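Asker: Got a predicted model here, sequence first, then my questions.
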Amino acid sequence: MDYKLLATDKACNARAGLITTAHGEIETPIFMPVGTVGSVKGVHFHELEDDIKAQIILGNTYHLYLRPGMEIIGKAGGLHKFNGWKRPILTDSGGFQVFSLSANRKLKEEGAYFRSHIDGSKHLFTPEGVVDIQRIIGSDIMMALDECPSGKSDYEYARKSLALTHRWLERGWKRYKETEGLYGYSQAYFPIVQGCVYPDLRRQSAEFVASLGADGNAIGGLAVGEPAEKMYEMIEVVNEILPTDKPRYLMGVGTPANILEAIERGVDMMDCVMPTRNGRNGMLFTRHGIMNMRNKKWADDFSPIQEDGPSMVDHVYSKAYLRHLFVSQELLAMQIASIHNLAFYLWLVKEARRHIIAGDFKAWKDEMVVNVTRRL
């Protein structure tokens, strides 16, 4: 994997860059749609490519490991061959999913023991094991196994958790360095900065992560219960240390405003289930504000979903029709909303990139944050 930093905004730390992988280029800053089990819910790949303009999607190691399983994905020749997506894929290590199963997992020095949410069977994720699994999946970017403590964790828990994450990272990094990809192309491995909401722990973690010299670095353990301002503070602390010549991936974030604030602070890559999950529940994000499509106010509004929207569905369907579909519990409603929201997120980061290169990102971003948080 290769990364080139192409521009930095004059008034802040926002960056525009280019990541090159075996499956194509990624213009940063970028938002990555979440394809948990190898698919983005309710969205065809041709829609992701042609309408949404997705450059990279995510897969999830935990879910793919449990179903369909590594034997099937290995026989297929990796996830790209299995699902037919020809562009880059990033896989998360499964750590967040395991640790969200608080009642069904135990953390030990050797790794994370957990029970499947599907059938209750017992499993163990080790730092080495998740590297091996992601080798079989064949993602362009792999993630290290870490513990993701709650944003409300006390200092002592966060300190012990970080120490465990760093010991796991040393083991995972060693496994990564002594193995190779299975399908004729290289895979990058991103370590993850943790440390909860404590600046000294975040600095300690960022310094350790940066010392490895990996192809890119991730910031985890944010947007997990802490206030947004604390999240922005931790991003600033970490990005003062993480190298500028490597991409920075903020995991699991977030709202359009969160994304713009993160970009301002030097983040390059982001992902979140919000555009599809909220879309399936009738919430649409637009450049003018947020719409709840179940509201009666849209019942006789025959204007397009968004006249200046980036997606085909914005111009084809009216607000009244989309509301009708949601009220009728029609599956098409969820598909339309998901396509719209993802297209908007990808438009937002593309516009951010354009303004970074032009040198006026900060002024544009401050105005856009007001717009995208407005309730319509």
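Answerer: Here it is on my side, so go on. Numbers count the residues shown, from 1 in each chain.
Asker: Before we go further, Leu201 is sitting in a strand, right?
Answerer: No: counting by DSSP: H, G, I helix; E, B strand; the rest coil, Leu201 is not part of a strand but helix.
Asker: just checking, it touches Glu207?
Answerer: No: using C-beta atoms under 8 Å, Leu201 is not in contact with Glu207; the gap is 10.9 Å. (Each C-beta comes from the backbone N, C-alpha and C, glycine too.)
Asker: Pick out whichever of those two has more residues nearby.
Answerer: Remark: of Leu201 and Glu207, Leu201 carries more neighbours, 22 against 13, as counted by other C-beta atoms under 10 Å.
Asker: show me what contacts the more buried one?
Answerer: Neighbouring residues of Leu201 by C-beta atoms under 8 Å, 6 or more residues apart in numbering: 155, 158-159, 162, 194-195.
Asker: Low-confidence ranges, the stretch 1-150 of the chain, go.
Answerer: Residue ranges of the stretch 1-150 of the chain with pLDDT under 70: 102.
Asker: Check the secondary structure at the residue nearest to Glu207 when sequence neighbours are not counted for me.
Answerer: The shortest distance from Glu207 to any non-neighbouring residue, by C-beta to C-beta, 6 or more residues apart in numbering, is to Ile241 (5.8 Å). Classification of Ile241 using three-state DSSP returns coil.
Asker: so how far is Thr36 from Ile241?
Answerer: Per C-beta to C-beta, to the nearest Å, Ile241 is found 31 Å from Thr36.
Asker: do the same with Gly221
Answerer: Counting by C-beta to C-beta - Gly221 and Thr36 are separated by 20 Å.
Asker: what residues are up against Gly266?
Answerer: So Gly266 contacts 13-15, 235, 239, 244, 248 (C-beta under 8 Å, 6+ apart).
Asker: can we see that at 7 Å?
Answerer: Neighbouring residues of Gly266 by C-beta atoms under 7 Å, 6 or more residues apart in numbering: 13-15, 239, 248.
Asker: Sitting in strands, which of the residues you listed do you find?
Answerer: 15, 248 (DSSP state E).
Asker: Most neighbours of all the contacts of Gly266, which one?
Answerer: Of all the contacts of Gly266, Arg248 has the most neighbours under the rule other C-beta under 10 Å, reaching 28 neighbours.
Asker: Wait, that one touches Val267, no?
Answerer: Yes: with contact defined as C-beta atoms under 7 Å, Arg248 reaches Val267; the gap is 5.4 Å.
Asker: how about the longest helix anywhere in the chain: buried residues?
Answerer: Criterion DSSP state H: the longest helix present in the chain is helix 331-358. By neighbour count on 16 or more other C-beta atoms under 10 Å, the buried set for helix 331-358 is 333-353, 355-356.
Asker: got it, and stretch 148-167?
Answerer: So for stretch 148-167, counting by 16+ other C-beta under 10 Å, buried means 148-151, 153, 158-159, 161-162, 164-166.
Asker: next one: stretch 317-329
Answerer: By 16+ other C-beta under 10 Å, the buried positions in stretch 317-329 come out as 317-319, 321-323, 325-326.
Asker: dump the residue contacts of the residue nearest to Glu207.
Answerer: Counted by C-beta under 7 Å, 6+ apart, Ile241 has contacts 203, 206-207, 210.
Asker: Is it possible to get JSON lines of the residues you listed that adds distance to Leu90 and secondary structure?
Answerer: Below are the contacts of Ile241 laid out as JSON lines (distance: C-beta to C-beta, whole Å; DSSP: H, G, I helix; E, B strand; the rest coil):
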{"residue": "Arg203", "distance to Leu90": "26", "secondary structure": "helix"}
{"residue": "Ala206", "distance to Leu90": "20", "secondary structure": "helix"}
{"residue": "Glu207", "distance to Leu90": "24", "secondary structure": "helix"}
{"residue": "Ala210", "distance to Leu90": "20", "secondary structure": "helix"}
